[in-house]
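> I'll drop the sequence and a predicted model, then ask my questions.
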Amino acid sequence: MSRLWPILRPAPSAVAQICPFSRPNTVSGTAAAANIVLLPTAPARGESTFAEPAAAFLQRQCPMSGTSAVGGGLPVKAIPGPPGLPLVGTLWSYVKKNGFKFNKLFEAHAFNFNEYGPFFRENIVGRKFNVLRDLKEWKTKVIQQEPKCPQRVALEPMVRYRKMRGLSQGLVNSQGEEWYRFRSTFDKKLLAPKEIECHFDPLSGVADDFISHLQRQAKEQDNTVFNIENEVFKWSLESICAVLFRTRLGCFEDPPSRDAQEFITNCRRFFTTMQTLMYEPPYRKWLSSRTWDDFVECSDALLEQGMRLTDNVPEDSLASHFLHNSKLKREEVALSLLDLIIGAMETSTKTMIWNLYCLAKWQDAQERVHGEVASVVGDRQLELDDLKNMPLVKASLKETLRLYPAPFVISRIMQSDTNVRGYNVPKGEEIVISLWSIGHDESLFPDHKNFVPERWMKDQADEAQRMYCSLPFGHGRRMCIGRRVAEMEIYILLSKLISRCRLEDANVGSVEPVIEMTLAQDRPVHLRLIDRKPEVVPGI
Ligand code: HEM
């Protein structure tokens, strides 16, 4: 996508010189465009003006404001933002040389927040984004008031494929009552903390096998695991299948079992082709394309494998529970289980790699986390209750997700008119919260470029920060349904791995984030694994 749709990133001065639309779209500028009798001079840039909700600003400064405000707020078009051309909107800024890159969209967001304040509006070829950097406003105005069935923009290639095959849209992409039917089936079993505890043993088994697999590889290659993504992807797949099907696929066998290899290949093809399809210009979907054919082929294969996995599931598995205790048809259960696998794979894999990379890069932090694990677990095997006593391990994941939030934005399509920061956002508009920008806001997170897990510890983070500054799994009725599974599998793997090995950064240069399906690493990540214990004790 970056090749097709690069986004221009002009320096502020360059904007003024080059662009015919260079005048910043300030409150007064946009309001004038919307025919509102308005303000003397609104400051053009910076947080201080925009940190104040626009309606209050208006009220204070302009006697006419009461009449110009719509439904108690300014019209949505008055939200400041980068100026655009008729029809194409800000696409011009995406195709200029040396501009923003689409695969670094979070940088464009940071730039725009700096220019236009914590709520800006952008129109790219007719699609309008209202981008927010204010988590409190997101929680109180968007999420707390959301209806029974909140909506998010769907993953278009998946929707197209399932329509073509006459299948239901499942958990990730359905909307309205259909979504509710799926979600209410899966919610309790996946989100209630007590329900998740039964997955501790299977996930521990996967973590043990994975660590031994990594250690074997490292021994053969000068203590180094090259391109660790290939391996972490297997851990992710093996973990989610252990949770859903109580089945071990055999990803760490040498070579992996045929089923595992097929699953790995199809999953990887699914994500790479979907990524390409998602960012193609819209007209491409009317033309035949090799990528689309590939996507259909691997989606068919995944569906077939998913159906096969549900054929003979052990009685104590989640799959069996959903097959026998829900009103969903067998095919709908199989599709939803696939959705859970799809939801889990990219996010958990990328997050785990970032977490390992951060610990390897910030050795002091790694030693502090290791100290905690050693003092709680010692030489025995990790137990479920230990997880409650390792706040630093948990903080290490939170800090990773602050620096590198796998979904770097979360979106909602408004289902009723809502006043956000003084603007009346009508039903049908999309609001996007930029998690990346929040996590990199120096005023919220001093020393924000550094990995400091302790900033999330109860005695160090203030209440407001803990409440409003971290939302990597989303929030509300449509939040990540796999959050508890993800947290458990990551805590287990981190504590086991770090007590067995010291991680070292074996990369040339700093690994930087780029947007693929989620916030990915811009190069293959290599890590050195140094055994902490001369002899490996199985289990920990
Ligand atoms: C570190 C790992 C993960 C992160 C950061 C993450 C993050 C997210 C986020 C931000 C959303 C959107 C929430 C919203 O719109 O408010 C989401 C949705 C979803 N996630 Fe996760 N996720 C992770 C792991 C998982 C796992 C392990 C599973 C499966 C067990 C999973 C399954 C899903 C599904 C099915 C949805 C769509 C839910 C719906 O639309 O009702 N995720 N995830």
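Structure's in. What do you need?
> Any buried residues in the strand or helix carrying Val243, and which?
In this assignment (DSSP states H and E), Val243 forms part of helix 229-245. Residues 231-245 are the ones in helix 229-245 that count as buried (16 or more other C-beta atoms under 10 Å). Any C-beta I mention is one placed from the backbone N, CA and C, and that applies to glycine too.
> which helices and strands does that helix pack with?
Judged by 3 or more C-beta pairs under 8 Å, 6 or more residues apart in numbering; DSSP states H and E, the packing partners of helix 229-245 are helix 200-220, helix 258-278, helix 318-325, helix 330-361, helix 483-500.
> That helix vs helix 330-361, what angle?
140 degrees (axes from the mean of the first three to the mean of the last three C-alpha atoms, to 10 degrees).
> Which residues does the helix or strand harbouring Leu401 contact?
Here Leu401 sits within helix 391-403, counting by DSSP H and E. Where contact means C-beta atoms under 8 Å, 6 or more residues apart in numbering, the residues beyond helix 391-403 that reach it are 351, 354-355, 358-359, 365, 368-369, 372-373, 387, 439-440, 445, 451-458, 469-470, 472, 487, 490-491, 494-495.
> Let's see that with 7 Å instead.
351, 354-355, 358-359, 368-369, 372-373, 439, 445, 451-457, 470, 472, 487, 490-491, 494-495 (C-beta atoms under 7 Å, 6 or more residues apart in numbering).
> Equivalent analysis for stretch 343-351, please.
For stretch 343-351, contacts defined as C-beta under 7 Å, 6+ apart pick out 172, 229, 232-233, 236-237, 240, 267, 271, 400-401, 406-407, 482, 486, 489-490, 517-520.
> follow-up on the earlier one: looking at the buried residues of helix 229-245, which is nearest the ligand?
Closest approach to the ligand among those (C-beta to the nearest ligand atom): Ile240, at 5.8 Å.
> Arg121 falls within a helix, correct?
No - assessed with DSSP: H, G, I helix; E, B strand; the rest coil, Arg121 is strand; it does not lie in a helix.
> Next one: it from Thr140, what distance?
Separation of Arg121 from Thr140 (C-beta to C-beta, to the nearest Å) stands at 20 Å.
> for Gln415, same thing?
To Thr140, Gln415 is 16 Å away according to C-beta to C-beta.
> When the two are compared, which one has more neighbours?
Gln415 (17 against 13; other C-beta atoms under 10 Å).
> how about that one, secondary structure?
What three-state DSSP gives for Gln415 is coil.
> So it sits against Gln151, correct?
Yes - distance between Gln415 and Gln151: 6.5 Å, which falls inside the contact criterion (C-beta atoms under 7 Å).
> just to revisit the earlier point, buried only: go through the contacts of stretch 343-351 for me.
Here, 16+ other C-beta under 10 Å leaves 172, 232-233, 236-237, 240, 267, 271, 400-401, 406-407, 482, 486, 489-490, 517-520 buried among the contacts of stretch 343-351.
> near the ligand, which of those show up?
When contact is defined as C-beta under 6 Å from any ligand atom, those meet the ligand at 172, 240, 406-407, 482, 486.
> Run a quick neighbour tally on Gln381.
When neighbours are defined as other C-beta under 10 Å, Gln381 has 13 of them.
> ok, now how distant is it from Lys496?
The spacing between Gln381 and Lys496, counted by C-beta to C-beta, is 9 Å.
> for the stretch 1-150 of the chain, which spans come out with low pLDDT?
Scanning the stretch 1-150 of the chain for pLDDT under 70 picks out the ranges 1-71.
> right, I mislabeled it, should have said the stretch 351-500 of the chain
Ranges of the stretch 351-500 of the chain meeting pLDDT under 70: 461-468.
> quick one on the thing from earlier: what about dumping the CA coordinates of the helix holding Leu401 to PDB?
Presented in PDB, the C-alpha positions along helix 391-403 are these (Å, rounded to 0.1, in the frame of the first residue of the first chain):
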ATOM      1  CA  PRO A 391       2.800  -6.800  38.400                       C
ATOM      2  CA  LEU A 392       5.900  -5.900  36.500                       C
ATOM      3  CA  VAL A 393       5.400  -8.700  34.000                       C
ATOM      4  CA  LYS A 394       1.900  -7.300  33.400                       C
ATOM      5  CA  ALA A 395       3.300  -3.700  33.200                       C
ATOM      6  CA  SER A 396       5.800  -4.800  30.700                       C
ATOM      7  CA  LEU A 397       3.000  -5.900  28.300                       C
ATOM      8  CA  LYS A 398       1.100  -2.600  29.000                       C
ATOM      9  CA  GLU A 399       4.300  -0.600  28.300                       C
ATOM     10  CA  THR A 400       4.900  -2.500  25.100                       C
ATOM     11  CA  LEU A 401       1.300  -1.800  23.900                       C
ATOM     12  CA  ARG A 402       1.800   1.900  24.800                       C
ATOM     13  CA  LEU A 403       4.900   2.100  22.600                       C
END
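> Give me the angle between it and helix 483-500.
Using the same axes, to 10 degrees: helix 391-403 against helix 483-500 is 120 degrees.
> And helix 391-403, how far out from the chain middle?
15 Å (C-alpha atoms, centre = their mean, to the nearest Å).
> Spell out which parts of the stretch 301-450 of the chain neighbour the ligand.
Contact residues (C-beta under 6 Å from any ligand atom) of the stretch 301-450 of the chain with the ligand: 339-340, 343-344, 347-348, 351, 406-407, 410.
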